[in-house]
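*Asks:* Prediction below, plus the sequence it came from.
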Amino acid sequence: MKVGIVGAGMVGSAAGYALALTGAASRIVLVDRSEALALAQAQDIAHAVPFASAVAVEAGGYEALAGADVVILAAGVGQKPGESRLALLERNAAVFEDVIAAVLRATPDPILLVATNPVDVMTHVTAKLAGLAPGRVFGSGTILDTARFRSLVAHHLGIAPHSIHGYVLGEHGDSEVLGWSGARVGSEPLASVAAQLGCAITADVRARIDDGVRRAAYRIIEGKGATNYGIGAGLARIVQAIGRDEGAVMSLSLVTPEVAGVQNVALSLPRVVGAGGLRSTLMPTLDADEIAALAASARMLRDTSDALGL
Ligand SMILES: NC(=O)C1=CN([C@@H]2O[C@H](COP(=O)(O)OP(=O)(O)OC[C@H]3O[C@@H](n4cnc5c(N)ncnc54)[C@H](O)[C@@H]3O)[C@@H](O)[C@H]2O)C=CC1
Ligand SMILES: CC(=O)C(=O)O
């Protein structure tokens, strides 16, 4: 599978590296407004290939995206320490005006996978600019927040994160909703497993994990200026699920006709990912507080999209 990456900075390069290590792509093309950066990243990633899978890695202009099955969009600015994702919107929406047109001139019917923040509204911007079939334009959404949630719950219980099943929903950002009530460990409800293991999810534990998920990006950006490895791995995992037509369930952002009473809003819910992109949505069972929080998140995103005329 040929995968293009537009934006060869921290996120784009980490995605390329993860794609090369996992073999989720057979050909990777990096594009950036800095041709020198794209070339340097492509060369560096190519030097990992002899230790990993047989992947061709190159850099080029937009024309090099011809025939790309999936294009990851990671161009634009990231947060400065203390800055919210939503504060990036105007700058990154302006970047996408040119980027999406240039991508589609090179490859007219790709799957577009948006990583640029604020990822939900940028997904909506991309869907409108691209006009592709529903399910072919979506955002990484809360895939990273879900990974953070699973990691922290796993650490608390002393169980592998792969065996923790639960999702973060709504905005990839400050209003996101941790789906505690539906979380399971193996096939058992989280609270039951936590009690059996003597690791109850008390209000304090819950608040600590909530903060650890919601504030993770702020803390990491304070420490190293960006986040890249987690999202890079997440983007490669999404591409892998597309390439293998897996039907994997992941929390991803898609323009959705109606969520918690809010119409036409891009946000994350559990979605089924396969060869054509997103093929269905699995509406989770939530408790009353979670439904109210999801409605508030959806309303905030809708209001933000309204301001852009989306
Ligand atoms: N969805 C998620 O979970 C995450 C999203 N992000 C977001 O990803 C985006 C990229 O972050 P980083 O890679 O850290 O930033 P970065 O600054 O390292 O890389 C961005 C790249 O975009 C390029 N670029 C800017 N305008 C362009 C244009 N018009 N055409 C082509 N390339 C262009 C820049 O030259 C730069 O190399 C940010 O919006 C950031 O907030 C970051 C981490 C996680
Ligand atoms: C930067 C960002 O969106 C994250 O790490 O969650």
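*Replies:* Yep, it's here. Ligands and ions are numbered 1, 2, ... in the order given.

*Asks:* how about Gly182, what does it touch?
*Replies:* If you count contacts by CB atoms under 8 Å, 6 or more residues apart in numbering, Gly182 has them with 166-167, 284-286. No exception for glycine: its C-beta is placed from N, CA and C like everyone else's.

*Asks:* Intersect the residues you listed with the contacts of ligand 1.
*Replies:* When CB under 6 Å from any ligand atom is taken as the criterion, no member of the contacts of Gly182 contacts ligand 1.

*Asks:* Now for Asp32, how many residues are close by?
*Replies:* Asp32 has 23 neighbours, counted by other CB atoms under 10 Å.

*Asks:* Check Ala101 too.
*Replies:* Ala101: 12 neighbours (other CB under 10 Å).

*Asks:* got the contact list for it?
*Replies:* Shown in contact with Ala101 (CB under 8 Å, 6+ apart): Leu129.

*Asks:* isn't there a strand covering it?
*Replies:* No: if the criterion is DSSP: H, G, I helix; E, B strand; the rest coil, then Ala101 is helix and not within a strand.

*Asks:* Tell me the pLDDT of it.
*Replies:* What the model reports as pLDDT for Ala101 is 98.

*Asks:* where does this protein come near ligand 1, residue by residue?
*Replies:* Counting by CB under 6 Å from any ligand atom, the chain comes close to ligand 1 at 6-12, 32-34, 37, 74-79, 88, 92, 95, 98-99, 115-117, 119, 140, 144, 172, 226-227, 231.

*Asks:* Which parts of the stretch 1-150 of the chain are helices?
*Replies:* In the stretch 1-150 of the chain, the helices defined using DSSP state H, counting those that start in this stretch lie at 10-22, 35-46, 89-106, 119-130, 143-157.

*Asks:* Show me which residues of this structure sit near ligand 2.
*Replies:* Applying CB under 6 Å from any ligand atom, one finds that the chain approaches ligand 2 through 79, 85, 117, 144, 217, 227.

*Asks:* Could you work out the most separated pair of the residues you listed?
*Replies:* By the measure CB to CB, Gln79 and Leu144 form the most distant pair in those, at 13.7 Å.

*Asks:* Who has more neighbours out of these two?
*Replies:* Each of Gln79 and Leu144 has its neighbours counted (other CB under 10 Å); Leu144 has more, 24 against 19.

*Asks:* Around Ala40, how many other residues sit close by?
*Replies:* Residues contacting Ala40 under the criterion other CB under 10 Å number 16.

*Asks:* And for Arg33?
*Replies:* Neighbours of Arg33 under the rule other CB under 10 Å: 13.

*Asks:* Next: Val103.
*Replies:* Neighbours around Val103, by other CB under 10 Å: 25.

*Asks:* shift numbering so it begins at 764
*Replies:* Got it, the first residue is 764 from now on, which makes the last one we talked about Val866.

*Asks:* if I read this right, it contacts Ile768, doesn't it?
*Replies:* No: using CB atoms under 8 Å, Val866 is not in contact with Ile768; the gap is 10.8 Å.

*Asks:* Phi and psi next, for the closest residue to Ala1058 other than its chain neighbours.
*Replies:* Nearest residue to Ala1058 in three dimensions, chain neighbours excluded: Ala1023, at 3.7 Å (CB to CB, 6 or more residues apart in numbering). The phi and psi values for Ala1023, taken as degrees, to the nearest 10, are phi 50, psi 40.

*Asks:* Show the pLDDT at Ala1023.
*Replies:* If you check Ala1023, the pLDDT there is 95.

*Asks:* rewinding a little: give the intersection of the neighbour lists for Val866 and Ile768.
*Replies:* By CB under 8 Å, 6+ apart, Val866 and Ile768 have these common neighbours: Val834.

*Asks:* need the strands for the stretch 914-1063 of the chain, in chain order.
*Replies:* 927-928, 931-932, 940-941, 947-948, 951-952, 1011-1022, 1025-1037, 1040-1044 (DSSP state E, counting those that start in this stretch).

*Asks:* So which of those is nearest Val968?
*Replies:* In terms of CB to CB, the element of the strands of the stretch 914-1063 of the chain nearest to Val968 is strand 940-941, at 12.3 Å.

*Asks:* list the helices and strands the closest one packs on?
*Replies:* Helices and strands touching strand 940-941, as assessed by 3 or more CB pairs under 8 Å, 6 or more residues apart in numbering; DSSP states H and E, comprise strand 931-932, helix 966-977, helix 1051-1070.

*Asks:* could you dump the strands of the stretch 914-1063 of the chain to TSV with mean neighbour count and distance to Ala1059?
*Replies:* Formatted as TSV, the strands of the stretch 914-1063 of the chain follow (neighbours: other CB atoms under 10 Å; distance: least, CB to CB, whole Å):
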stretch	mean neighbour count	distance to Ala1059
strand 927-928	20	25
strand 931-932	27	12
strand 940-941	26	9
strand 947-948	18	25
strand 951-952	12	25
strand 1011-1022	21	11
strand 1025-1037	23	9
strand 1040-1044	18	20
